[in-house]
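Student: only geometry, no sequence info:
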């Protein structure tokens, strides 16, 4: 699978269906925040460095089943005001499976969805299943059921940058 297709499809999906960034504040105010976003996708590969095997991130031109990609959203507050509770929502691209627990972001609260982005929960997301005897049981949702990742970054000062990310593997 060509990564440009995965990235392009993910970006098109984000623009059309759900990637969002929101920062609280009055958009008409003189000291309004203005977040600029950039998305990047890389592939993790094992390489030898100094006689030791290490993981490196390289541009993702092509991927094959089992490859792990890292999706990163970089943000910069280009405005003159502080952005508070900036929210970023990113869908897991089709053909990819979220790597459990991989979502991260400095000074952010990370939540995940298993219902197409309708609701978000702390990791690991729990799901209730019905047992053959009619009783119910709560279990951790499998990685393949994760559909979206959401980050809420508490504060982004003017001209400050940061990034959030998650990993997904090719099915």
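Tutor: Everything's here; your move. Remember, predicted model here, so these are calculated numbers, not experimental data. Residues are numbered from 1 along each chain as shown.

Student: How about the contacts made by the residue nearest to residue 53 when sequence neighbours are not counted?
Tutor: Nearest residue to residue 53 in three dimensions, chain neighbours excluded: residue 46, at 5.4 Å (CB to CB, 6 or more residues apart in numbering). Backbone N, C-alpha and C define where each C-beta goes, glycine included. Going by CB atoms under 8 Å, 6 or more residues apart in numbering, residue 46 touches 53-56.

Student: Looking at the residues you listed, which are in strands?
Tutor: When DSSP state E defines the strands, the subset of these inside them is 53-56.

Student: any idea which of those is closest to residue 148?
Tutor: residue 55 (25.5 Å; CB to CB).

Student: which ones are touching that closest one?
Tutor: 44-47 are the contacts of residue 55 under CB under 8 Å, 6+ apart.

Student: Same question for residue 119.
Tutor: Listed by CB under 8 Å, 6+ apart, the contact set of residue 119 reads residue 113.

Student: And the strands in the protein?
Tutor: For the chain, applying DSSP E gives strands covering 20-24, 35-49, 52-59, 68-77, 83-91, 96-98, 104-105, 108-113, 126-130, 136-140, 148-156, 161-170.

Student: Buried deepest among these, which one?
Tutor: Of all the strands of the chain, strand 96-98 has the most neighbours on average by mean count of other CB atoms under 10 Å, namely a mean of 23.

Student: and the closest residue to residue 154 other than its chain neighbours, what is it in contact with?
Tutor: Leaving aside its sequence neighbours, residue 154 sits nearest to residue 107 (CB to CB, 6+ apart; 5.3 Å). The contact partners of residue 107, taken as CB under 8 Å, 6+ apart, are 153-155, 162.

Student: swap the cut-off to 10 Å and go again
Tutor: 151-156, 162 (CB atoms under 10 Å, 6 or more residues apart in numbering).

Student: Same check on residue 145?
Tutor: By CB under 10 Å, 6+ apart, the contact set of residue 145 is 92, 97-98, 112-115, 125, 127.

Student: between those, which is closest to residue 138?
Tutor: Residue 138 has its nearest neighbour among the contacts of residue 145 in residue 127, at 7.2 Å by CB to CB.

Student: Beta-bridge partners for the closest one, please?
Tutor: Residue 127 has the following beta-bridge partners by DSSP bridges: residue 139.

Student: For the residue nearest to residue 144 when sequence neighbours are not counted, give me its contacts.
Tutor: Leaving aside its chain neighbours, residue 144 sits nearest to residue 97 (5.1 Å; criterion: CB to CB, 6+ apart). Residues in contact with residue 97 (CB under 10 Å, 6+ apart) are 68, 142-146, 167-171.
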